[in-house]
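S.K.: structural data only, the sequence is not supplied:
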């Protein structure tokens, strides 16, 4: 029996549901999920393997246009994923702001010359149900196959498991022949624990903080001490403005305590044991435009090397 393995890039607008879709397909929490758009900041790999092959899902940041700093990094990451994937998923949501946003994603993917499938997400939003047929038509007009999924039910029941299985079989078909898996078949992501911890803390900041603050913050793991009976994690939440510090800390430190408590619960699930988590808030003005800081925080573009 021939074996297939390759990279499948998820391309879509910010908040199209790419991260939720990838977590569903891999059956593990790999990418952070937030109701706020543009939460994925660098490509994250989710890995699914069976005896017939391996799919390495690449969750790209949402499609945006920008030249410099963090937004320039995000735009380049998405372009690189299109260029370096073996096949692509165009992820479009019935909740898209404008039809031309979906068209832009579908055009980018269909013109890439790579095998591709269109996945329509959030089909459970009843008042937008009429858009399902419009998006399906847009995909088929570009010679793509259209699949649809309701994000709110992706983790529920036998039907969801069957949907997932059917999708994975379709996606594996698009993968190239391979002599062996690309990654260890026991892995579900290439992220190391430090990176996953950092992403979890950032996710909790997105959930708990409001307005634009989460977009101007980053997480730096200062110390990861696994000696002793309980791992100790010391992390900094970096904000771009001094005025944001008291908002992240909150009155009587209530906000930072909540971020810490919710992040710790999630980290304990990932690590399978109790952990000690210490969070501090520091201001690093304009970190998103500082190449050295961007590199230190893991946002590196090839042009900066």
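M.R.: Structure received. Nothing here was measured: the structure is a model prediction, and the numbers come from that model.

S.K.: got any ranges where the chain has weak pLDDT?
M.R.: Applying pLDDT under 70 to the chain flags the ranges 1, 28-44, 61-78, 125, 151-159, 188-192, 210-216, 270, 286-305.

S.K.: strands along that one, start to end?
M.R.: Ranges of strands in the chain, per DSSP state E, are 4-12, 44-50, 53-59, 87-93, 116-121, 145-148, 217-225, 232-239, 276-283.

S.K.: adjacent strands (with direction) for the shortest one?
M.R.: Using DSSP bridges, the strands paired with strand 145-148 in its sheet are strand 116-121 (parallel).

S.K.: could the strands of the chain go into TSV alongside mean neighbour count and distance to residue 194?
M.R.: To be clear about C-beta, it is placed using only N, CA and C from the backbone, and glycine gets the same treatment. Listed next are those as TSV, based on neighbours: other Cβ atoms under 10 Å; distance: least, Cβ to Cβ, whole Å:
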stretch	mean neighbour count	distance to residue 194
strand 4-12	24	23
strand 44-50	21	14
strand 53-59	24	19
strand 87-93	27	28
strand 116-121	26	30
strand 145-148	17	35
strand 217-225	17	5
strand 232-239	20	9
strand 276-283	16	13
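
S.K.: export the ones you listed to TSV and append columns for distance to residue 203.
M.R.: Converted to TSV, these look like this (distance: least, Cβ to Cβ, whole Å):
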stretch	distance to residue 203
strand 4-12	18
strand 44-50	12
strand 53-59	13
strand 87-93	19
strand 116-121	19
strand 145-148	26
strand 217-225	10
strand 232-239	12
strand 276-283	14
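
S.K.: right, and these - which one's nearest residue 178?
M.R.: Counting by Cβ to Cβ, residue 178 lies closest to strand 4-12 out of the strands of the chain; the figure is 3.6 Å.

S.K.: and the closest one, what does it pack onto?
M.R.: When contacts are defined as 3 or more Cβ pairs under 8 Å, 6 or more residues apart in numbering; DSSP states H and E, strand 4-12 packs onto helix 18-26, strand 53-59, helix 69-84, strand 87-93, helix 99-110, helix 157-173.

S.K.: so what does the fifth one touch, helix or strand wise?
M.R.: It refers to helix 99-110. For helix 99-110, the packing partners by 3+ Cβ pairs under 8 Å, 6+ apart are strand 4-12, strand 87-93, strand 116-121, helix 131-141.

S.K.: so can I have a markdown table of those showing distance to residue 262?
M.R.: Below are the helices and strands packed on helix 99-110 laid out as a markdown table (distance: least, Cβ to Cβ, whole Å):
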| stretch | distance to residue 262 |
| --- | --- |
| strand 4-12 | 26 |
| strand 87-93 | 26 |
| strand 116-121 | 25 |
| helix 131-141 | 33 |
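
S.K.: out of the ones you listed, which comes closest to residue 238?
M.R.: Using Cβ to Cβ as the measure, strand 4-12 is the one of the helices and strands packed on helix 99-110 that comes nearest residue 238, at 27.5 Å.

S.K.: hang on, residue 59 packs against residue 18?
M.R.: Yes - using Cβ atoms under 8 Å, residue 59 is in contact with residue 18, at 5.4 Å.

S.K.: and among the helices and strands packed on strand 4-12, the most buried is which?
M.R.: strand 87-93 (a mean of 27; mean count of other Cβ atoms under 10 Å).

S.K.: sheet-wise, list the partners of it with their directions.
M.R.: Partners of strand 87-93 in the sheet, by DSSP bridges, are strand 4-12 (parallel), strand 116-121 (parallel).

S.K.: for it, what is the distance to the chain centroid?
M.R.: Computed by Cα atoms, centre = their mean, to the nearest Å, the chain-centroid distance of strand 87-93 equals 13 Å.

S.K.: do you know which of the helices and strands packed on strand 4-12 lies nearest residue 124?
M.R.: Residue 124 lies closest, by Cβ to Cβ, to one member of the helices and strands packed on strand 4-12: strand 87-93, at 11.2 Å.
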